[in-house]
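Engineer: Take a look and give me a structure for this.
(chains A and B)
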Amino acid sequence: MPTFEYAPAPESRAVVDVDSTYGLFINGDWVDGRGTAFKTVNPATEEVLADIHEASPDDVDLAVKAARTAYTRVWSRMSGADRGKYLFRIARILQERAREFAVLETLDNGKPIKETRDVDIPLAAAHFFYHAGWADKLSYAGYGPDPRPHGVVGQIIPWNFPLLMLAWKVAPALATGNTVVLKPAETTPLTALLFAQVCQQAELPPGVVNIVTGAGDTGQAIVDHPGIDKIAFTGSTGVGKMIARSIAGTRKKATLELGGKGANIVFDDAPIDQTVEGIVRGIFFNQGHVCCAGSRLLVQETVADEVVRRLQRRLSTLRVGDPLDKNTDVGAINSRAQLDRITSLVDAGEAEGAERWDNGCALPQKGFWFRPTLFSGVTQTHRIAQEEIFGPVLSVLTFRTPQEAVAKANNTPYGLSAGIWTDKGSRILWMADQLKAGVVWANTFNQFDPTSPFGGYKESGYGREGGRHGLEAYLKGSI
Amino acid sequence: MAERVDVRKTYKLYIGGKFPRSESGRSYEVYAAPTRAGASPKFLANASQGSRKDARDAVTAARGAQAGWAGATAYNRGQVLYRVAEVMEGRRAQFVEEVRASEGVSPSKADSLVSQAIDRWVWYAGWSDKLPQVLGGLNPVAGPFFNISAPEPSGVVAVLAPQESSLLGLVSVIAPAIVTGNSVVVVSSKERPLPAITLSECLATSDVPGGVVNIVTGDAVEIAPWLASHRDVNGIDLTGAAGLQGEAWGEWERAAADTLKRVIRPGGAGAAAIEPDWSVEPGLQRMSTFLETKTVWHPKGR
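Structural biologist: Sure, this is the predicted structure:
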């Protein structure tokens, strides 16, 4: 059989102008941060992309006040139809500038251009388009005849889907009439800062969206600010618990989208090729930096060897490298800190006796990289079966009966996602009923849509984002 | 003729469908609410004073019963809860007397409160097979997928029952939690526990499986911290913090954050906890707080 080599097919960087320094976006203007500036780097090359100002607590205060003023004077008085038009404008501008956003996201995050181009950016635009239509229809959403916004919402988002998480947060908040102080992750601030330019182009009233950059201290300042009415957070379960503790005893509301350890369950009657593709999508999509990743593969014992063999063959064809190359399947790990976390958990997996395999691919000299890795012989007590790795590492466990699969799948404090692969319809529905997970993908995995509510059970957090359900968190009062 | 010496009731806990005394062996005196100033308080009963261990036993019972209760059909749960209202109606006289004594209200007011409580129970019973349609449904995703969302119970819920409203408030916090398939551990009003104990007798003689509702009488200030930090409790309703001597609902919410419990805060603004007005139609919030939305995707194809 002839083998075909891939020629490099890099996407051009020329479509993006990255400034050397970025300030904070407060009240529609760029202002200097009074904290200690930090750098954002391209994780694929370690090249410094820009200096980013850090928002001090005083800067956060300024942003909250701007958001409050915009809320009381402008945004809460505007008709839903007009709010919706601003959101439609934003959706359209995101579509118009999609390539620019895709390249910038890939530069700052390290994820493959084919994912930013085909998933992150189009879905972000779709979220704005979807929520734009809700703005003048809230009285039909099932939350009473005249549902009211909370006021000023503090939003803290992670680095794994920077612009998409911004869209998940900002679109419903604005559609329901709230104003926003948003903090992007410190390793991936650039698309949020470019989004500030979109707000300017859309002529969104000043102060409706404020973007403050920084790390944990800036986030804590937002959470603790007395002028914040509601927190929306996506990130780790550890930080989520800190936020829940911080707002305990107050009247601040919160939605928390936290970690996961999703079980992807494969029965012996599953269509094998389709299943292998789904497993790969479940854990190697976005380098495994996905809270709902199918990081625990539960395979029925009779087909375990075959599934693992086929998976290894498939992983050997994954192309790891330059995220801007359109052929790339797996990009760079987002940061050295994350690479260290993955490495230490993988080492723990080996030390505890699981069998480690990786695809042996060549890795670039510079940047942060990790080979697609698979562990077999994993038991439930292994750390790699319990803790979220948030990297391209799959732990394979086996089961014999559906009951055993359910028991193992639910044996985790998390409850975000699960997958089921089988040809038997009644078994899919029975399994879906039993699994304690907010999203269950049957014969598919990692599908997302603005109309589809997303969020977890148990320690994966509370509240839902997306769909009619997602509006609830941004509206006051009884339903 | 000499007046008959009546047979008095021993008031106990309700855990796992049984009526045990507190494992601590403690009890406390319950008095009628004074109807006029200066009157000497009338002794009503020695109620069991539930302990940390009683609360933990109740959580174990609640966990054991939860999957079966949630797995019952919605129609079945609705009928079982309606049956509770039927039994309450049969015990109306006892409830009226206990509410009157506990709350210090007139007999006609007590009668009205009992009617509202029974009607509230019936209102919630009817939600069992309607809420999934009201809160769930098909999501029109942009792709060849069948995608549907439906609510499911959170699991085991701890409930601090209101201190003032001994029956109407009590049913208004229990019924919404269980109608959707949760099981509950209830800490009764401290000073006014008698209607809660009588309610437990209604539950035991209806078809509510043992362990779905567990009622611990005693002091929520003593018991709440253990429920708030309990790792096998999924949600906590802090409504009963209002009017409780020495309450610390902020502390309890902080403890609940360690396991990310779903929380209903007490009524009121700021740190102040105020008991809600139970006479108004409650809305869905008390049910929806202890529900999880599950979304299931499946591809469509030929």
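Engineer: Please make it C-alpha for all contacts and neighbour counts, starting now.
Structural biologist: Noted.
Engineer: Show the average pLDDT along the strand or helix carrying B:I118.
Structural biologist: Per DSSP states H and E, B:I118 falls inside helix B:107-125. When pLDDT is averaged along helix B:107-125, the result is 98.
Engineer: Name the residues of it that come out as buried.
Structural biologist: B:110-111, B:113-125 (16 or more other C-alpha atoms under 10 Å in any protein chain shown).
Engineer: What of stretch A:315-329?
Structural biologist: A:315, A:318-329.
Engineer: Between the residues you listed, which sits nearest chain B?
Structural biologist: Within these, the smallest distance to chain B is 22.2 Å, found for A:D329 (C-alpha to the nearest C-alpha).
Engineer: my guess is that closest one contacts A:R319, does it?
Structural biologist: Yes. With contact defined as C-alpha atoms under 8 Å, A:D329 reaches A:R319; the gap is 5.1 Å.
Engineer: Show me the strands in chain B, by range?
Structural biologist: Taking DSSP state E as the criterion, chain B contains strands spanning B:27-31, B:43-48, B:137-138, B:145-153, B:156-160, B:183-187, B:213-216, B:235-237, B:262-264, B:291-299.
Engineer: how about those, which one is nearest A:T3?
Structural biologist: Between A:T3 and these, the shortest gap by C-alpha to C-alpha is with strand B:291-299, which sits at 32.8 Å.
Engineer: how far off strand B:145-153 does the closest one point, in degrees?
Structural biologist: Orientation check (axes from the mean of the first three to the mean of the last three C-alpha atoms, to 10 degrees): strand B:291-299 against strand B:145-153 gives 160 degrees.
Engineer: what packs against strand B:291-299?
Structural biologist: strand A:439-442, strand B:145-153 (3 or more C-alpha pairs under 8 Å, 6 or more residues apart in numbering or on different chains; DSSP states H and E).
Engineer: Please point out which parts of it sit buried.
Structural biologist: Going by 16+ other C-alpha under 10 Å, strand B:291-299 has these buried residues: B:L291, B:E292, B:T293, B:K294, B:T295, B:V296, B:W297, B:H298.
Engineer: what do you get for stretch B:244-255?
Structural biologist: Quick answer for stretch B:244-255 (16+ other C-alpha under 10 Å): B:L244, B:E247, B:A248, B:W249, B:G250, B:E251, B:W252, B:E253, B:R254, B:A255.
Engineer: count of residues packed around the closest residue to A:C292 other than its chain neighbours?
Structural biologist: Once flanking residues are discounted, A:C292 sits nearest to A:S417: 5.2 Å by C-alpha to C-alpha, 6 or more residues apart in numbering or on different chains. As a burial measure, A:S417 scores 33 neighbours (other C-alpha atoms under 10 Å in any protein chain shown).
Engineer: So what does A:S417 look like in phi/psi?
Structural biologist: phi -140, psi 160 (degrees, to the nearest 10).
Engineer: Is it in contact with A:A263, as I believe?
Structural biologist: Yes. Under the criterion of C-alpha under 8 Å, A:S417 makes contact with A:A263 at 7.2 Å.
Engineer: Residues in contact with both of those two, list them for me.
Structural biologist: Residues touching both A:S417 and A:A263 by C-alpha atoms under 8 Å, 6 or more residues apart in numbering or on different chains: A:G294.
Engineer: Wait, B:Y14 touches B:S200, no?
Structural biologist: Yes. B:Y14 lies in contact with B:S200 (C-alpha under 8 Å); the separation is 6.3 Å.
Engineer: ok, the two, which is more surrounded?
Structural biologist: Using other C-alpha under 10 Å as the criterion, B:Y14 and B:S200 rank with B:Y14 on top: 29 against 23.
Engineer: Without its sequence neighbours, what residue ends up closest to B:L168?
Structural biologist: B:A117 (4.3 Å).
Engineer: actually A:P162, sorry about that
Structural biologist: A:T188 (6.5 Å).
Engineer: count of neighbours near the one you found?
Structural biologist: With other C-alpha under 10 Å as criterion, A:T188 counts 29.
Engineer: Pick out the most distant pair among the buried residues of stretch A:315-329.
Structural biologist: A:L315 and A:L324 (20.1 Å).
Engineer: where exactly do the strands run in the stretch 151-300 of chain A?
Structural biologist: A:152-156, A:179-183, A:209-211, A:230-234, A:253-257, A:263-266, A:296-300 (DSSP state E, counting those that start in this stretch).
Engineer: Including distance to A:L429 and mean neighbour count, could these go into TSV?
Structural biologist: Output for those, formatted as TSV (distance: least, C-alpha to C-alpha, whole Å; neighbours: other C-alpha atoms under 10 Å in any protein chain shown):
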stretch	distance to A:L429	mean neighbour count
strand A:152-156	35	29
strand A:179-183	39	29
strand A:209-211	42	27
strand A:230-234	29	25
strand A:253-257	25	24
strand A:263-266	13	31
strand A:296-300	18	26
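Engineer: Excluding residues flanking it in the chain, which one is nearest the residue in the stretch 101-250 of chain A that chain B sits nearest to?
Structural biologist: Chain B sits closest to A:G249 of the stretch 101-250 of chain A, with a gap of 3.5 Å, by C-alpha to the nearest C-alpha. If the residues on either side of it in the chain are set aside, A:G249 comes closest to B:G250, at 3.5 Å by C-alpha to C-alpha, 6+ apart.
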